[in-house]
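*Asks:* Quick one, structure for this:
(chains A and B)
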Amino acid sequence: MSSLQFPTTPLTPSSITKSPNPQTQLTTPKHHQILYNSYFKHISISSKQGNLQEAVNILLELDSQHFEIGADVYGDLLQGCVYDRNLSLGKQIHSRIVKKGESFAKNDYIETKLVVFYAKCDQLDDVYGLFGRVVEKNVFSWAAVIGVYCRMGLFEKGLLTFVEMVESGFEGDNFVIPNVLKACGGLLLVGFGKGVHGYVIKMGFEDCVFVASSLVDMYGKCGALEDARKVFDKMPERNVVTWNSLMVSYSQNGMYEEAVRVFADMRKEDVQPTVVTMVSFLSATANLCAVEEGKQGHSIAVLNGLDEGNIVGTSLINLYSKTGLVKDAEKVFRKMVKKDVVAWNLMVSCYVQEQDIEKTLNLCSDMLLNGLKFDSVTMTLIATGAGDSQNLKLGKETHCQCIRNNLMSDMAVASSIIDMYAKCNKIHEARRVFSSLQTKDLVLWNTLLAAYAELGSSGETLKLFYEMQLEGIPPNVISWNSVILAFLKNGQVNEAMVSFSEMESFGVEANLITHTILVTGLVQNGYVDEAITIFVEMQEKGIKPNIVSIVGVLSACKNRASLQLGKAIHGYVLRHEMHMNSVLATSMVDMYAKCGNIIQSRKVFDTILVKQLPLINAMISGYALHGCHSEAIAIFRELTNEGVNPDSITFTNVLSACRHCGLINEGVEIFVSMVTKYDVAPTMEHYGCVVSLLSKCGKFEAFRLVKNMPFKPDSHILGALLVSCREHNEIDIAKHLTENLSKLEPDNSGNYTALSNAYAANEMWDEVSDLRSLMKEKGIKKNPGCSWVQIGKELHVFVASDRSNLQSDEIYAMLALLRAEMMAYVSL
DNA sequence: ATAGGGTTAG
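*Replies:* Numbers count the residues shown, from 1 in each chain, chains lettered A, B, ... in the order given. Next up is the predicted model:
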């Protein structure tokens, strides 16, 4: 501005308000000073960049023309700079104040305003310098200093300054208290926070919306949800920030259902959502994998125009990624204008979760091409992806990158690297990385514990479990779960049960996963009834089963042929509207088949639209078990025509079905297609089916096939050939084969088992019985999980495949009897 | 005064 053109008409307050243009309205005489002041005040409180700049220019011009301008005018314009966060303009004013000399600058009002200005502009050093020199400190300058500390995350300093302020005889007001509470929350100092809460009540600030909302936030951050709720419920007046604080509190403490409920209540009360509302709601629904609610959140965000921002965008990607809606996640990602590192990482995380290592790596290179750098989150994600895909080369490269970029001190990075080595079967490397770290947190210990547990190395797991306690890290439920898992994987059922009861006396509560580990592990060790007991106990404790635990208990049902319990669990799944995904349906189909209800098995099978191979295999195997061989083969034909690629297990079941039907041509054709069309390497079991098929139908080609087989024939195959010998009356060959069978060191119980399985596979029940008598005579004990299952299975087929009029219940009674007999036999 | 991403157990 060159020179000022002062208009001739005096100003009126209303004209200032309506059109604050100084060049046309300000008049020259000094007695209009009041109006200048009013103009400056107006600008300072409703400032826009341009107006403020102009006002400061006028001020400086007037100043240089030696108009008497009071400190309050400088203060008002500094206030304008605070509203505009206009640091450079404020600095101009500051330097003019300094130039005017100490008598002008040494003024409580000016000094306080300067402290406030620099504090609001986050200029820590200036604040520190000024505040130290301010002679007369007051509530405002104290509040400004505490505020800047808290805003910049220097919570300890903020609290110490607050203490100092109170000790100097100042009372905190309702402007400084929210900052103090923020510091308490940030430091998780719930005790200090409670003290401040008491102070708030004493001072009578509890009804102030700002203070009370801060209390909710502080209690929430400290995990004291009941206190947060109490403050919230008592509030006479709430605004959107109050509601948001409560929702965020629940969400950050993992109580996502509660957070969702708060959102619903908020909508009932007609509180207009903000970006913060949407972000924390979306985060809660994402963690719950609540697709419907999340999608609703997306619509609400769009309707309120809150979906454009970066943070809502990333929350949406998170939601769609966690719920497996990759296409939707990609859509949001593509639409985002300014993608920051969080957005990229979320998309990477989505592909890692989908186990799509190719897309993960492509996205990572795109990320670099777009000028972004990998941070510790990116590295954690890549390491996780490398572990999931057992890509050791990639994992090692990631490890090197982390070392080069000094990221190994990040606990999440370190544990993902350790986990990656463990998943790539490099337990020693995992150990080496673990040992090389200076500080180790609970998650890190748990990562290594889990790695040893997975291997069933119960000794090593236990050693680590004690070591961590010696290092002062108390184990949590995850650590205990790993110990129990290690025992179960190593067959130490008693030790696992002891640990299970011990953990409670250490004040650690068993959770859903603890029980699932036990159910699954007990079944795998043959303790089926005990597994069912644990499952029932879990429900009695009020722990709701999820899909994984239901799959575990269904496997107990099928091993015990307990159709009744299986049905009850199916009912539970339907009642609780659990999503019948492919994994659950597979175990349900399997359970019904093994418990004798093949019709129900098929019904469940038909409810799943996109059928994955394990589900198909379960259905085929179910049909085969029930002697519905043509249905088994029909499903195989139908799905291979639809382009499904069968695997080794599919062929085992289909060939077994062919064997039971005596379908030689079909069996051989399928065997050939397995090798030529589907590139599946035949196993001994596959050969066994075809050999058995050929033998039973009196085909001497069985011998030729065995001769050309790439394995040494096992007892199944030899047993099958034995049948062929019978058909052909080839006594010499049969004798030779029997010698071969006896070469399998018959005094070893495993070989007796194999031999009896071979007989059972050929429905040679008399021979099975003879062999059992022989074992009884020789006092050879048997593993209950082994032979009787096979015999029982075969017996089951025999009875189920229309060769008997027995009803299902009777079959299961027979199977139970057989099991009881075997158990008695084992205990001899 | 409130808000987004990564690590450990089935």
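
*Asks:* Now the nearest residue to A:Ser621 once chain neighbours are set aside: phi and psi?
*Replies:* Using CB to CB, 6 or more residues apart in numbering and skipping the chain neighbours, the partner closest in space to A:Ser621 is A:Asn653 (4.4 Å). Just so you know, the C-beta spots here come from the backbone N, C-alpha and C atoms, and that holds for glycine as well. Phi and psi for A:Asn653, reported as degrees, to the nearest 10, are phi -70, psi -40.

*Asks:* The residue in the stretch 551-700 of chain A that DNA strand B sits nearest to: what secondary structure?
*Replies:* Nearest residue of the stretch 551-700 of chain A to DNA strand B, counting by CB to the nearest atom of the strand: A:Gly552, 7.0 Å away. Put simply, A:Gly552 is helix when judged by DSSP: H, G, I helix; E, B strand; the rest coil.

*Asks:* so who does it touch?
*Replies:* Listed by CB atoms under 8 Å, 6 or more residues apart in numbering, the contact set of A:Gly552 reads A:Thr516, A:Val519, A:Thr520, A:Val523, A:Ala531, A:Phe535.

*Asks:* So which bits of the stretch 551-700 of chain A are right by DNA strand B?
*Replies:* Residues of the stretch 551-700 of chain A lying close to DNA strand B (CB under 7 Å from any atom of the strand) are A:Gly552.

*Asks:* Walking through the stretch 551-700 of chain A, point out its helices one by one.
*Replies:* With helices called from DSSP state H, counting those that start in this stretch, the stretch 551-700 of chain A shows them at A:563-575, A:582-594, A:598-607, A:613-625, A:629-641, A:648-661, A:664-676, A:684-696.

*Asks:* Find the nearest non-adjacent residue to A:Asp375, please.
*Replies:* A:Asp375 sits nearest to A:Val341 (CB to CB, 6+ apart), 5.7 Å away.

*Asks:* these two touch, right, the one you found and A:Gly371?
*Replies:* No: using CB atoms under 8 Å, A:Val341 is not in contact with A:Gly371; the gap is 10.7 Å.

*Asks:* of those two, who's got more company?
*Replies:* Taking other CB atoms under 10 Å, A:Val341 and A:Gly371 do not tie; A:Val341 has more neighbours (14 against 6).

*Asks:* Tell me who's in contact with the spatially most central residue of chain A.
*Replies:* Centroid-nearest residue in chain A: A:Asn287, 7.3 Å away (criterion: CA atoms, centre = their mean). By CB under 8 Å, 6+ apart, the residues touching A:Asn287 are A:Ser251, A:Gly254, A:Tyr256, A:Lys322.

*Asks:* and it, what pLDDT?
*Replies:* Looking at A:Asn287, its pLDDT stands at 91.

*Asks:* What score does A:Gly294 have for pLDDT?
*Replies:* Note on A:Gly294: pLDDT of 94.

*Asks:* got a list of what it touches?
*Replies:* A:Leu282, A:Thr285, A:Ala286, A:Leu319, A:Tyr320, A:Thr323.

*Asks:* Below-threshold pLDDT in the stretch 701-828 of chain A: ranges please.
*Replies:* A:723, A:726-727, A:734, A:738, A:741-764, A:781-828 (pLDDT under 70).

*Asks:* and stretch A:278-292, which residues are buried?
*Replies:* Of all the residues in stretch A:278-292, those buried under the rule 16 or more other CB atoms under 10 Å are A:Met278, A:Val279, A:Ser280, A:Phe281, A:Leu282, A:Ser283, A:Ala284, A:Thr285, A:Ala286, A:Leu288, A:Ala290, A:Val291.

*Asks:* And A:Ala412, how close does it get to DNA strand B?
*Replies:* Between A:Ala412 and DNA strand B the computed distance is 3 Å (CB to the nearest atom of the strand, to the nearest Å).

*Asks:* what do you get for A:Glu156?
*Replies:* On the measure of CB to the nearest atom of the strand, A:Glu156 and DNA strand B end up 16 Å apart.

*Asks:* likewise A:Thr360?
*Replies:* 13 Å.

*Asks:* Skipping adjacent residues, who's closest to that residue in space?
*Replies:* Nearest one to A:Thr360, counting by CB to CB, 6+ apart, is A:Tyr351 at 4.3 Å.

*Asks:* Look at that neighbour and say how many residues are nearby.
*Replies:* Count around A:Tyr351 with other CB under 10 Å applied: 23.

*Asks:* burial measure for A:Val528, as a count.
*Replies:* 23.

*Asks:* Contact partners for it?
*Replies:* Contacts of A:Val528 (CB under 8 Å, 6+ apart): A:Leu522, A:Ala556, A:Asn559, A:Arg560.

*Asks:* Just the buried residues of these.
*Replies:* A:Leu522, A:Ala556, A:Asn559, A:Arg560.

*Asks:* measure the spatially closest residue to the third one that is not a sequence neighbour to A:Phe192 for me?
*Replies:* Take A:Asn559 and drop its neighbours on the chain: the residue closest to it by CB to CB, 6+ apart is A:Val528, 4.9 Å away. According to CB to CB, to the nearest Å, A:Val528 and A:Phe192 sit 54 Å apart.
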